[in-house]
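Visitor: okay, predicted coordinates and the sequence, questions at the end:
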Amino acid sequence: ATSAALGWALGAYSFDAFYKTAPSQADPAKLAWPQHADRQAVAAAARATYLVRDLVTTPAEDMGPADLEAATRRLAASYVGATASAVVGDDLLAPLVVQAVEEEEETKKAPPLLAYPMVHAVG
């Protein structure tokens, strides 16, 4: 029942971020909630999916690093106790973890240097 209701909710998604006024639907269909459907789970999954779809569908010229940071901060602000922070510019170099990987002796190649930033998520 919950999966059917979620399918209905996901089918109702539309990306209208660039419309001056959202397109109107004369009489949108309404869901008759199935018995035993978990409304909170459906609403949470639909909101999360809508956010991801909006971020993915937004053209790259309208979703730069600052835009993505703003979306992250809006998401954090919608949850009690959640916070968001950003590391930008030269500060990105500070948390790098460096790992050297040795090649086998007979290849006579210098070992590559692999670097990747530490990622911290709070949820």
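Guide: Yep, that arrived.

Visitor: where does this protein dip in pLDDT?
Guide: 22-28, 92-123 (pLDDT under 70).

Visitor: could you pull out the helices for it?
Guide: Secondary structure of the chain (DSSP state H): helices at 2-11, 39-57, 65-77.

Visitor: list the buried residues in stretch 35-49.
Guide: By 16 or more other Cβ atoms under 10 Å, the buried positions in stretch 35-49 come out as 37, 42, 45-46. (Each C-beta comes from the backbone N, C-alpha and C, glycine too.)

Visitor: rewinding a little: can you tell which of the helices of the chain is closest to Tyr19?
Guide: Closest to Tyr19 of the helices of the chain is helix 39-57 (Cβ to Cβ; 13.0 Å).

Visitor: by contact count, what packs against the closest one?
Guide: helix 2-11, helix 65-77 (3 or more Cβ pairs under 8 Å, 6 or more residues apart in numbering; DSSP states H and E).

Visitor: deepest-packed of those helices, please.
Guide: helix 2-11 (a mean of 15; mean count of other Cβ atoms under 10 Å).

Visitor: just want the angle from it to helix 39-57.
Guide: Counting by axes from the mean of the first three to the mean of the last three Cα atoms, to 10 degrees, helix 2-11 lies at 40 degrees to helix 39-57.
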